[in-house]
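J.: Pasting the sequence and the predicted model now:
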Amino acid sequence: MSGSSGTPGVDFKGTFAIGWSVLTFDPRGSSTITQQLARNLFRTRSEETMGLLGNVPGLRTLIIKTKEWITAIKIERNYTKREIITMYLNTVDLGSNSFGIRTASRTYFKKEP
């Protein structure tokens, strides 16, 4: 879950590659699992978290990514990789409003995982 730049929880190289993918119309993701966890836990992309500068085109994405980077680094410093993946899997919507493996297992298969 460490970024390719050596910063735990953040893949700066992947994030900056997004600029190229936008220019070439080749969409792709660049967030680490830890960044996705940060986004899932704290809704870093919601309108309420933007503030005044969030309305400036281009700056909004930079603000969002900066919040994700800071939070991801803090998560990586305080939790093991096993705890991070467990938290991530329990914050992902697996359809039918089922967040996490246990809830999805109960929803789809009527049994414990």
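T.: Sure thing, it's come through. Residues are numbered from 1 along each chain as shown.

J.: in the protein, which spans are helices?
T.: Remark: helices assigned in the chain by DSSP state H are 12-23, 33-42, 59-78, 81-89, 101-109.

J.: Figure out which of these is closest to residue 95.
T.: Closest approach to residue 95 among the helices of the chain (C-beta to C-beta): helix 101-109, 7.3 Å. For glycine as for every other residue, the C-beta is placed from the backbone atoms N, C-alpha and C.

J.: Buried ones in that closest one, by neighbour count?
T.: Neighbour-count burial for helix 101-109, counted by 16 or more other C-beta atoms under 10 Å, picks out 103, 104.

J.: now the angle from that helix to helix 81-89?
T.: 40 degrees (axes from the mean of the first three to the mean of the last three C-alpha atoms, to 10 degrees).

J.: Domain ranges for the protein, per the record?
T.: Annotated domains of the chain cover 1-78, 81-113 [automatic domain parsing].

J.: and the helices of the chain, which is most packed in?
T.: helix 33-42 (a mean of 21; mean count of other C-beta atoms under 10 Å).

J.: Comparing the domains of the chain by mean pLDDT, which bottoms out?
T.: Here the lowest mean pLDDT among those goes to domain 1-78, at a mean of 72.

J.: still on that earlier bit, mind checking which of the helices of the chain is nearest residue 51?
T.: Of the helices of the chain, nearest to residue 51 by C-beta to C-beta is helix 59-78, at 7.6 Å.

J.: What is the closest one packed up against?
T.: helix 33-42 (3 or more C-beta pairs under 8 Å, 6 or more residues apart in numbering; DSSP states H and E).

J.: helices and strands around the helix it packs on, which ones?
T.: Counting by 3+ C-beta pairs under 8 Å, 6+ apart, helix 33-42 packs on helix 59-78, helix 81-89.

J.: Between those, which one is closest to residue 33.
T.: Nearest of these (C-beta to C-beta): helix 81-89, 5.3 Å.

J.: can you put the helices of the chain in CSV and add distance to residue 95?
T.: Shown next, in CSV, are the helices of the chain (distance: least, C-beta to C-beta, whole Å):
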stretch, distance to residue 95
helix 12-23, 27
helix 33-42, 15
helix 59-78, 24
helix 81-89, 14
helix 101-109, 7
